[in-house]
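In: Provided below for reference: sequence and predicted model.
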Amino acid sequence: MFQRFKTNSINQIYAYEILQRFVLGIIGIFIPIYILQTGAPLSWALAFIMVEALAFMLASGPASYLIARIGFKHALALCYLFYFPVFLLLQFLDISIHLVFAVGVLYAMGNVFHWLALHAEFAIDSDEENRSEDSGKMIGLPMISEATAPFVGGAIMTYYGFSILLTTAMFFLFLSVVPLAMSRDHRDPMDYEISSLWDEEHRKFSELFVLRGAEISAAVFLFPLFVFYIVGSTMDAGGSRALVSVGGIAFALVSGIIAQKADKKHMIALGTIASGIIYFLIPFIETATTAYILSFALGVLFMIYYVPLYSIYADVAEDEDVLEFFAFREIFLNLGKFLVVAIASLGIFILESDSVGFQIAFVIAGLSTATISLYAGWLEDEET
């Protein structure tokens, strides 16, 4: 059984990512919420998101260069050296603005090695002929963890506190070492230059990546933070995030199969426009029930457009240098994340209203996501 498991590298990546996503899901969205719970102002929670995005953006180029030298598997292992200090700092030190900045930088460094190596590994290990179907599995299977982790994290944080939540996250982080240790490493010599990140073939994707980054900041961090701000419950904040994943699971694998045969540009256009509408509705949330309904809808619509989109990314990356392409992608994704939160923070400062800051962020995210629909035809042409 184990030998059969070892022969399929993509299966080990699925298993590793399921466990790793549980860790990120059980702790990631709760760091800004924990900052608020300690009595710190909203600006500190938003500062964590901005610092994480900015550090991720700046580190993507140098990190991709290092990954090209040490291999994907070693890069995935390297992320542990940054995640564990984040947990330990939050476990033993009181919240201060200096700690917020330090945790933001360390968390970003763990993310940059995790996501760059993971995307590159998938582009190489997945079957080109079944790339859309494999993309559905790669996005959908880890969502099983993302669907349970925020519920679990919210319950643990509510009944046992943030300290026990951190301990639980560290346990599952240790557990994720098992499938990673069993996986095959790619250490073929890579011709890689930092200057190649800015090739014209990459630059033409920059606007698309910024738009997508704006949506990520809203979906991953700001939505659960907003639910906590409105409803005041960590369980509801975690539940709203979890239901995005439940909706995604319901449609991820189906979406991958459909994208294998259907017109991808129509799927991208439909999913992005409908998702944009959901973001326009989020500022009107007043109850946990409304948050749950919009969360589930957002998860379903996200899968309609992101599975074919991710498949196209993997095809384009494989035709070029995978690390250069994905490093460029992460730089501009995180630029989009940073800009949305920075503009929202500026709105809060000028208008002296936390709720207006959230409204600004969700309107920008809605407009950005809907605008991706304009790239649908172009993206399909790029794939071919």
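Out: Good, I have the coordinates.

In: every contact and neighbour count from this point should use C-alpha atoms.
Out: OK.

In: by mean pLDDT, which helix or strand of the protein comes out lowest?
Out: Ranked by mean pLDDT, DSSP states H and E, the helix or strand of the chain with the weakest confidence is helix 2-6, at a mean of 37.

In: which SSE is immediately downstream of it?
Out: helix 9-27 (DSSP states H and E).

In: that next one packs against which elements?
Out: On a contact count with 3 or more Cα pairs under 8 Å, 6 or more residues apart in numbering; DSSP states H and E, helix 9-27 meets helix 2-6, helix 97-125, helix 142-159, helix 162-175, helix 177-182.

In: dump those helices into CSV; add distance to residue 317 and mean neighbour count as well.
Out: Formatted as CSV, the helices and strands packed on helix 9-27 follow (distance: least, Cα to Cα, whole Å; neighbours: other Cα atoms under 10 Å):
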stretch, distance to residue 317, mean neighbour count
helix 2-6, 25, 10
helix 97-125, 7, 22
helix 142-159, 22, 22
helix 162-175, 29, 18
helix 177-182, 23, 17
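
In: between these, which one is closest to residue 234.
Out: For the helices and strands packed on helix 9-27, the distance to residue 234 is smallest for helix 142-159, at 5.0 Å, taking Cα to Cα.

In: can you list contacts of that closest one?
Out: Identification of contacts with helix 142-159 by Cα atoms under 8 Å, 6 or more residues apart in numbering yields 14, 17-19, 21-23, 25-27, 29-30, 162, 164-165, 234-239, 241-246, 248-249.

In: check the offset of stretch 306-317 from the chain's centre.
Out: Stretch 306-317 sits 15 Å away from the centroid of its parent chain (Cα atoms, centre = their mean, to the nearest Å).

In: dump it to PDB, keeping only the CA atoms.
Out: Output in PDB follows, covering the C-alpha atoms of stretch 306-317 (Å, rounded to 0.1, in the frame of the first residue of the first chain):
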ATOM      1  CA  TYR A 306     -10.700  29.500 -10.000                       C
ATOM      2  CA  VAL A 307     -10.300  25.800 -11.100                       C
ATOM      3  CA  PRO A 308     -10.100  26.700 -14.800                       C
ATOM      4  CA  LEU A 309      -8.000  29.700 -13.900                       C
ATOM      5  CA  TYR A 310      -5.500  27.700 -11.800                       C
ATOM      6  CA  SER A 311      -5.300  25.100 -14.600                       C
ATOM      7  CA  ILE A 312      -4.300  27.800 -17.100                       C
ATOM      8  CA  TYR A 313      -1.700  29.200 -14.700                       C
ATOM      9  CA  ALA A 314      -0.100  25.700 -14.300                       C
ATOM     10  CA  ASP A 315      -0.100  25.200 -18.100                       C
ATOM     11  CA  VAL A 316       1.600  28.600 -18.700                       C
ATOM     12  CA  ALA A 317       4.100  28.100 -15.900                       C
END
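
In: flag every buried residue along stretch 293-303.
Out: 294-303 (16 or more other Cα atoms under 10 Å).

In: among the residues you listed, which one sits closest to residue 72?
Out: residue 303 (26.3 Å).

In: which strand or helix spans that closest one?
Out: helix 288-319.

In: okay, now residue 274: neighbour count?
Out: 20 (other Cα atoms under 10 Å).

In: what do you get for residue 351?
Out: Neighbours of residue 351 (other Cα under 10 Å): 12.

In: looking at the helices and strands packed on helix 9-27, which is closest to residue 212?
Out: Nearest of these (Cα to Cα): helix 97-125, 15.4 Å.
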